[in-house]
Every structure is written in structure tokens, then in C-alpha cells.
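K.L.:
below are the sequence and a predicted model for it; my questions follow.
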Amino acid sequence: MIDWDPLILTFELAVVTTVILLFIAVPIAYWLVASRSRIKPVAETLVSMPLVLPPTVLGFYFLMAFSPGNAFGAWIDEWLGIKLVFSFTGLVVASVIYSLPFMVHPIQAGLSSIPSSLTDAAYVMGKSKLTALLKVQLPNIKASLLTGIVLSFAHTVGEFGVVLMIGGNIPGRTRVASIAVYDEVEALNYGAANFYSLILFAITFCILLAVYLVNGKYLKRFWK
Amino acid sequence: MIILDVEKVLQAADGEMNLRIDLTIPKGQLITIYGTSGAGKTSVLRLLSGLMKPDRGEIRANGECWFSSEKKINIPPQKRKIGYVFQDYALFPNMTVRQNLEFALRKGQEQQHISDLIDIIELGDLQSRKPDTLSGGQKQRVALARALVQQPDLLLLDEPLSALDIKIRLKLQDHILKVHREFNLTTVLISHDIGEIVKLSDQVYILEKGEVIRQGPADEVFVNKRISGKFKFTGEVLKIEHQQVVCIVTVLIQSDVVKVIVMETEIEDLRVGDKVLVASKAFNPMLYKVETGRGTQ
């Protein structure tokens, strides 16, 4: 009997993380493109850190910070009633930070590739910066947005170290597919491990293929 | 009336450049800023539109203060009534031609004005096309129409015609003159083309390294002495042939090549590539009908 819970949990986590990231990453990317502040290099570095840091390091610090035995963790627990350690919410928070560069970088690249005269034109027409962002800048970087969404989704599906550290391995709550694979292999249960692995392989392959097809305009060529 | 009296330190290609501009543009005039690239022409338009903040000085438009370093006033570009045609046209690629114009509408402004503009600037057939599918001249017309949607007091044109071939250029010059007069605009044009400047502008300012070095009516500024010719054209010298007594200078005037006979002494400092004014005084121009017009306009 195959347990579908880890797969469902994985995709729930990826969807929630991606949606939250989209709303967080647009303002961050916008600020990184527009700002000439002195702290910008520091901010850029922090955003990129999850790319190079071992996931276990991130996970370890999350665990330390979110632990109810700690001041920060206790404060969140007390005031917001959220327990971040070994819970789905904790997984979401950790995943958002872990996948942040995968959403911010494409959007940042997209925004800085648009000629500044487009936004200048909108300002001269009396449009606010927000209107210019929503009506002019974002619609013209659809490819970057799509890349960001898909990469963060796929990256969240593929995370292991962070999830294991902060979420543990609680069936139905924090045991995502990547951990289930590890777990089954440890129990010498190769059939189940193969099942989860194959599904992850197939789905991530399809997602990435879709991005390359859409952004490379291959589809248009076929349809014409 | 637009009064611009500002200073701004710019980061130019060869180090810092101090832009010092003092212009007064009477209402309804079309003035041109002429100069080599890097002289600060586009910066003048950006200062006027509020996209660039001056270091010092004052900008006043029709009695209203747009910028004053003394009074700490800086009206944002959103609130200055300006139409701006950018050098790269800056059409929004995600919108059709009509949507580009509609985007420029202010809250509560009527759609009718857009339909009028589409008629005046002859955009009827292009309305539902995306900017990427348009030619340079068509993009230019859309950009011009879009800049006029808000019924601005001041129209800024940043080398709007430089990328176009001569035929389309002439047609668009007529469009610019037409809207300038029809909407009673005050217009600031940046141009490289002396022929265009003589044709379009009331006043010309020559900018060099951030300062106005000469100003006045176009033919005075470019020729130095006043010529009261019956008709005159500017062109570019293509060839100078020395015959026994005289020289034959071949001049490109717009898209026509004209040969002019001159005395050798008259053209001592003339070289191929120079811009010249071809004027005629003594002869009476003759008219030949080329084509029957299509009714009255």
C-alpha cells in the first residue's frame, strides 16, 4: 500500500511557498533594481546566500531561532500562537527563505532589462510608481515571472536538508516526498523509494520542460 | 511661458560636466536644442519634465512653480502637464496602439479625444496592432499621439525623427507642425538636422558641453548673416568640382541632388560633408504641377 501523503504534502508546500514568494519577491526585486542605497550589496548577498549555504546550515539556524526554548521562538509562540518547529508553518517559512533567490533573481533581471524610458513615460503621463509597476513593468516581464515561479516551485519540491532539520519526519505533517525517499531507503524498502523518486523525477522534468518550451517560444513555432 | 534657469552636474563620458541652462520659451513657440551628442540635450528635457532633479535654480511654467531650490519645491513629473516623445519612443509592448493611448488618459478624461488624435495623426489602421509590429515611422506617430492625449501645455521631443528615412521624416515634420499649431503647444525639440530645424523652429539654441553657446532664429544662427532670399533650403555638400573659373558644388537637399555654380573664392572653407544653405534672390521660382490634389484639407 503506497502512502500518498508525502507527495501531497510536498506539492502543498511548494504551492504555498511559491505564492508567498511571488508577493515577497516582487517588492524585493523592485527595490534591488531601483535602489542606490549603501546597504544594497548586503541585501543582495543575503538574498543569494541560500544558493551557496548548505541547506543543513540554514535548517540548523532556523531550528535554533524558532525553538520555543529561544527568545524569538517563544515570542512567536506566545504572541502569534504559531509553532514553527516541526510544523507545516515552519516548513513554509523555511522554504520561502530557502527558495528566495530563485524567485528574486529572475524578476530582478527582468525588471532591469526593461528600458527605463517605459517607466519614465508612465510617470510623465501622471501614473504612480505602483501603476507603472503593475501595468507596464510586470506585464512586460512575463517570461521572468514564469521562470521565477517555476524555479521556486521546483526548488521547493527538491529541498531536503532544510526540511529535515526544521520539520523532522512526522508523517502527514512534515514528511515531504524527498524525506520519504530517504526514509524508505533506510528501511531497505526500495520499491516505495523508487515510486516516490519516479514521480518526483517525472513531475520536475515536465515542469522545467514546460518553462523552456514557453520561454524559448518553441511552442509558437510548432503551432504556426 | 516656460522659464528654465537651472544648474546640474552631470556624469558625462569624459568626467563631470556642469549643465547651465537659462531658457525662456514664450507660449506657442517651437524651440530647438541642437548640439553634439553628450552636450546635455536630453538632460534639458529630463530637467523640464521632472525626471531629473536640478542641483540649483528654478523652473516656472505658465506662472506655476515646478522647481525651486530656494523654496524647496519640486513638482513630480506626474503633476507637470507634459507630453514627452522619447528617443526610443517608449511604447508599451504589452499594449496595442489604442491601449497605449488609453493608458495615457487622465481619470475622468473623455475617450473622444483619443479618437480625434487617431484621426489627426492618421493611426486608424494601426489601432489594434502591437508596437513590435510597427515600422519606425509608425511608432513615431503613435508616440506623438500618445504624448498629446493628456492635452499637455508643453511638448518635449527627443530626436523624434533621427532614425527615420527622409521621406517619412518630411511627412512627420508636417505632423509635428500641425499638432504644434492645432493644440497651441509650446514645444521643445532636440534635433541634429539643420534642414529640419530651419523648417520647424522659431528659435534654436546651440548647446556645447552643457552651455548655450549661440541662440536665435535658425537661419541666423546657422548662417551667421541674414539672407533675405526668396526661397532657401539647407543641404549637405556631396562633391566640389573645380572647373577653370568656377566651381560646381553638388548639394543634397532633402532627397534631391542640386548642382550650384559658385566662384572659387566664395567657397574657400567649404568641404564635402558641410551643411550649407542654398538661397536664391534674383530669380523668380517657377511652379509646375506634379499631381492633382485630393480635395481640400
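P.N.:
Noted; the coordinates are in hand.
K.L.:
for the rest of this, base every contact and every neighbour count on C-alpha atoms.
P.N.:
OK.
K.L.:
out of everything not next to it in sequence, what's closest to B:Gln3?
P.N.:
Quick fix: residue B:3 reads Ile, not Gln. B:Thr24 (4.6 Å; C-alpha to C-alpha, 6 or more residues apart in numbering or on different chains).
K.L.:
quick one, phi psi at the one you found?
P.N.:
Main-chain torsions, B:Thr24, degrees, to the nearest 10: phi -130, psi 120.
K.L.:
and for A:Gly168?
P.N.:
Dihedral angles (degrees, to the nearest 10) for A:Gly168: phi 70, psi -150.
K.L.:
so where's chain B uncertain?
P.N.:
Scanning chain B for pLDDT under 70 picks out B:223-230, B:281-285, B:293-297.
K.L.:
domain parsing of it, as residue ranges.
P.N.:
Domain segmentation of chain B under automatic domain parsing yields B:2-221, B:227-280.
K.L.:
what's the most buried one of the ones you listed?
P.N.:
Highest mean neighbour count among the domains of chain B (mean count of other C-alpha atoms under 10 Å in any protein chain shown): domain B:2-221, with a mean of 19.
K.L.:
sec struct for the closest residue to chain A within chain B, please.
P.N.:
In chain B, the residue that lies nearest chain A is B:Gln78 (3.6 Å; C-alpha to the nearest C-alpha). Three-state assignment for B:Gln78 (DSSP: H, G, I helix; E, B strand; the rest coil): helix.
K.L.:
from what I can see it touches A:Tyr123, true?
P.N.:
Yes: with contact defined as C-alpha atoms under 8 Å, B:Gln78 counts as touching A:Tyr123 (5.2 Å).
K.L.:
any idea how far A:Val26 lies from A:Ser99?
P.N.:
Distance, A:Val26 to A:Ser99, using C-alpha to C-alpha, to the nearest Å: 14 Å.
K.L.:
in terms of neighbours, single out the busier of these two.
P.N.:
A:Ser99 (26 against 19; other C-alpha atoms under 10 Å in any protein chain shown).
K.L.:
that one against A:Val157, yeah?
P.N.:
No: counting by C-alpha under 8 Å, A:Ser99 does not reach A:Val157; the two are 10.3 Å apart.
K.L.:
and the residue in chain A positioned nearest to chain B, its phi and psi?
P.N.:
Of all residues in chain A, A:Gly126 sits closest to chain B, at 3.6 Å by C-alpha to the nearest C-alpha. The phi and psi values for A:Gly126, taken as degrees, to the nearest 10, are phi 90, psi 10.
K.L.:
ok, now which ones touch it?
P.N.:
Under the criterion of C-alpha atoms under 8 Å, 6 or more residues apart in numbering or on different chains, the contact list for A:Gly126 reads B:77-79, B:104, B:106.
K.L.:
mind redoing it with 10 Å?
P.N.:
By C-alpha atoms under 10 Å, 6 or more residues apart in numbering or on different chains, A:Gly126 lies in contact with A:120, A:132, B:76-82, B:104-107, B:150.
K.L.:
for B:Ser135, state which of these is nearest.
P.N.:
If you rank the contacts of A:Gly126 by distance to B:Ser135 using C-alpha to C-alpha, B:Ala104 comes first, at 21.5 Å.
K.L.:
was I right about the closest one contacting B:Leu144?
P.N.:
No: B:Ala104 lies out of contact with B:Leu144 (C-alpha atoms under 10 Å); the separation is 11.9 Å.
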